[in-house]
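> Predicted model and sequence below, questions to follow.
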Amino acid sequence: YIVQIHAPVRTNKGAIRTAENYIPLDVPATWGAMEKLYDSGKARAIGVSNFSCKRMEDLLAIARVTPAVNQVESHPGWQQMKLRELCRSKGVHLSAYSPLGRPGSPAFTGPSFLSNPIVVSIAEKLQRSPAQVALRWGLQVGQSVLPKSINETRIKENFNIFDWSIPEDLMSKFSEIPQIKTLRAEFVVHPQGIYKTVEDFWDGEI
């Protein structure tokens with residue numbers, strides 16, 4: 001099994017997990033506990049989720065066991081190029097938990113990149129769906145993709161991304177897509193909390 005720090009937030013023991021009760025994450029203590037799990041054999045790998053570049057750098061500075069993965073929002077509409085390069089250079093795998101942007105989810109805001117003209121145009125040229133193009137883009141930039149669907153047709157479609165590729169000239173077009181973070185995490189923000197704005201939570205990386 002892989003055990004992950006789900007998000008860089010914590011509360012005092014016994015406190016209700018609400019925005020005003022969040023306290024700063026104790027990276028050395030928390031990661032030390034994760035390393036003990038790894039050493040004991042109870043976890044085959046340990047990792048993190050929703051860690052920004054700054055938080056990754058803070059963690060890597062004290063880690064004895066390098067995190068196996070950082071699971072984050074990543075798709076053509078929020079490409080995470082800086083974070084991906086940092087993780088690649090340190091041997092940390094980047095995994096996308098929202099490779100399709102999760103349109104319609106109440107936790108996500110903003111337009112769906114699947115209707116972006118560039119994505120639609122590439123899909124038409126390759127005779128694929130925009131979702132397939134988005135997932136294939138993720139594989140070609142070196143990340144794993146974790147799409148979610150309860151629709152059988154879409155599930156089958158999502159699997160059909162391994163026997164073709166996006167040509168380099170079309171891959172370069174993805175750099176023209178406007179970048180908008182859709183999982184902004186307003187639920188961690190509170191005037192009396194440690195995160196006064198979403199920018200605080202993401203270390204300004206939005």
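That came through, no problem. Numbering: from 1, shown residues only.
> Show me the strands in this protein, by range?
Taking DSSP state E to define them, one finds strands in the chain at 2-5, 10-11, 22-23, 45-49, 69-72, 93-96, 144-145.
> what pLDDT, on average, does the fifth one get?
The average pLDDT within strand 69-72 is 97.
> Report the strands that pair with that strand, each with its relative direction.
Each strand that strand 69-72 pairs with, and the sense of that pairing, follows from DSSP bridges: strand 45-49 (parallel), strand 93-96 (parallel).
> would you list those strands in CSV and tack on distance to Ile23, mean neighbour count and mean pLDDT?
Placement of C-beta: from N, CA and C, glycine included. Compiled in CSV, the strands paired with strand 69-72 are given as follows (distance: least, CB to CB, whole Å; neighbours: other CB atoms under 10 Å; pLDDT from 0 to 100):
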stretch, distance to Ile23, mean neighbour count, mean pLDDT
strand 45-49, 18, 20, 97
strand 93-96, 27, 21, 97
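> So which of the strands of the chain is nearest Ala63?
Each of those was scored for nearness to Ala63 using CB to CB, and the closest is strand 45-49 (9.4 Å).
> and the nearest residue to Trp137 once chain neighbours are set aside, how many residues sit next to it?
When the adjacent residues along the chain are set aside, Trp137 lies closest to Pro76, with 5.5 Å between them (CB to CB, 6 or more residues apart in numbering). A count of neighbours around Pro76, defined by other CB atoms under 10 Å, yields 25.
> Enumerate every residue touching Pro76.
With CB atoms under 8 Å, 6 or more residues apart in numbering as the criterion, the residues that contact Pro76 are 113, 116, 119, 133-134, 137, 174, 177.
> Which one of these sits in the busiest neighbourhood?
Among the contacts of Pro76, Ala134 has more neighbours than the rest - 28 neighbours, counting by other CB under 10 Å.
> I'd say Pro67 and Arg55 touch.
No - here Pro67 does not reach Arg55: they are 10.7 Å apart, not a contact under CB atoms under 8 Å.
> List the ones among the contacts of Pro76 that fall in helices.
The subset of the contacts of Pro76 located in helices under the criterion DSSP state H comprises 119, 133-134, 137.
> I'd like those as a markdown table, with distance to Ile16 and pLDDT appended.
Compiled in a markdown table, these are given as follows (distance: CB to CB, whole Å; pLDDT from 0 to 100):
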| residue | distance to Ile16 | pLDDT |
| --- | --- | --- |
| Val119 | 41 | 97 |
| Val133 | 42 | 98 |
| Ala134 | 37 | 97 |
| Trp137 | 40 | 98 |
